[in-house]
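Novice: Here is the input, now give the coordinates:
(one chain, ligands or ions: 3)
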Amino acid sequence: MRTITIARPDDWHLHLRDGEHLRAVLPDTARRFARAIVMPNLKPPVATTRLALEYRSRILAALPAGARFEPLMTLYLTDNTPPGEIAAARAGGMVHAVKYYPAGSTTHSDAGVTDIARCRGVLEAMEKHGMPLLVHGEVADPAVDPFDKERVFIETVLAPLVERHAGLKVVMEHITTREAAEFVKAAPPRVAATLTAHHLLLSRNALFAGGIRPHLYCLPVLKREIHRQALIQAAVSGNPKFFLGTDSAPHARHTKETDCGCAGIYTAHAGIELYAEAFAAAGALDRLEGFASRHGARFYGLPVNGETVTLEEAPWPVPAEIPFGADRLVPLRAGSTVAWKLR
Ligand code: NCD
Ligand code: ZN
Ligand code: ZN
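Specialist: Numbers count the residues shown, from 1 in each chain. Ligands and ions are numbered 1, 2, ... in the order given. Below you'll find the model as predicted:
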């Protein structure tokens, strides 16, 4: 049986939700990851330092006894975020990034940015304070083909933004295309990207295997196999610009199995194990530690975790459903198996 021991990993892109939903999903992440960058797309959004600190307290209060897990908070950027908020966020020491959702692009993004040109002052403050901008990299324009929204965003918004703000640290979140991987690779060292396990493991064929698969619908939507191959190449390349971000995004079963289903895939129950599968399939298990436990910490200026975790190649069954407060959710691989197991 193959095993691998790595420094304890971090999740650099995670949705924890709030209340009973937070309490339902947090143990899955806390068992695997030492830290996570927590997305601010609650309703209402986590748009101020005060709200971020309050949300952080609720996360800490929801941790199982004995858990060792640190939530790294983010601010939700709006058209009206005052530049002064960035100094306050930095001074508090708990906010590690600002999240840019183009308005209308994804789940709970309606309070997002309508035109990034309006945020010039905030972005300048972020450059000054070394505060990274995390980007949902898709245009919201309904006229643009959904499979092209990431590429068009890079061309029309992200490339000019990176050039205009020459000191801004940027993470392009959950990249899904060869074009995105190439853009990040060619950009200055202050530009990085997270990769989800589901985009490493699945192409869009899976969305339509035998019928429409609502639990595999996420944003950005799964792409062609050639893109998945490019993402695998980026993940296993050893390039420190690419690191782990699950984008685990829980939604109640009935909100996905409906006539207009929510976007988001739940993967926190196998948050590191699924990446081990992808890296093993690529013959690159020796690259997993850099990707999962080192590159992100380096980018965010944080220490690598002292503890280690061990994974073994031993299949285990994933339940058909997971309790989600008063609801249930359907995790990735529901009713099937994951090939690697956390010891
Ligand atoms: C995320 C969610 O549900 O909050 N959904 C998703 O499909 N990825 C939002 C996001 O990360 O874009
Ligand atoms: Zn997103
Ligand atoms: Zn997300």
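
Novice: How about the residues of the stretch 151-300 of the chain by ligand 2?
Specialist: By the rule CB under 5 Å from the ion, no part of the stretch 151-300 of the chain lies against ligand 2. Placement of C-beta: from N, CA and C, glycine included.

Novice: in the stretch 151-300 of the chain, which spans are strands?
Specialist: Along the stretch 151-300 of the chain, the segments classed as strands by DSSP state E, counting those that start in this stretch run 170-172, 191-195, 242-244.

Novice: Ala263: which of those strands is closest?
Specialist: Of all the strands of the stretch 151-300 of the chain, strand 191-195 sits nearest to Ala263, with 16.6 Å by CB to CB.

Novice: Can you give the strand pairings for that closest one, parallel or anti for each?
Specialist: Next to strand 191-195 in the sheet, as set by DSSP bridges, lie strand 170-172 (parallel), strand 242-244 (parallel).

Novice: got a markdown table for these, with distance to Arg23, mean neighbour count and mean pLDDT too?
Specialist: Putting these into a markdown table (distance: least, CB to CB, whole Å; neighbours: other CB atoms under 10 Å; pLDDT from 0 to 100) gives the following:
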| stretch | distance to Arg23 | mean neighbour count | mean pLDDT |
| --- | --- | --- | --- |
| strand 170-172 | 28 | 26 | 99 |
| strand 242-244 | 24 | 27 | 99 |
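
Novice: which residues does the nearest residue to Gly84 once chain neighbours are set aside contact?
Specialist: Ranked by CB to CB, 6 or more residues apart in numbering and with sequence neighbours excluded, the top spatial neighbour of Gly84 is Ala125, at 7.6 Å. Under the criterion of CB atoms under 8 Å, 6 or more residues apart in numbering, the contact list for Ala125 reads Pro83, Gly84, Ile86, Ala87, Met131.

Novice: swap the cut-off to 10 Å and go again
Specialist: The neighbours of Ala125, taking CB atoms under 10 Å, 6 or more residues apart in numbering as the test, are Thr81, Pro82, Pro83, Gly84, Glu85, Ile86, Ala87, Ala89, Arg90, Val98, Cys119, Met131.

Novice: So which of the residues you listed belong to strands?
Specialist: Secondary structure defined by DSSP state E assigns Val98 of the contacts of Ala125 to strands.

Novice: Show me just the buried residues among the contacts of Ala125.
Specialist: Burial by neighbour count, 16 or more other CB atoms under 10 Å: within the contacts of Ala125 this picks out Thr81, Glu85, Ile86, Ala89, Arg90, Val98, Cys119, Met131.

Novice: Ends of stretch 210-221, what's the gap?
Specialist: End-to-end distance for stretch 210-221: 18 Å, by CA to CA, to the nearest Å.

Novice: again with stretch 68-86
Specialist: For stretch 68-86, the end-to-end distance is 28 Å (CA to CA).
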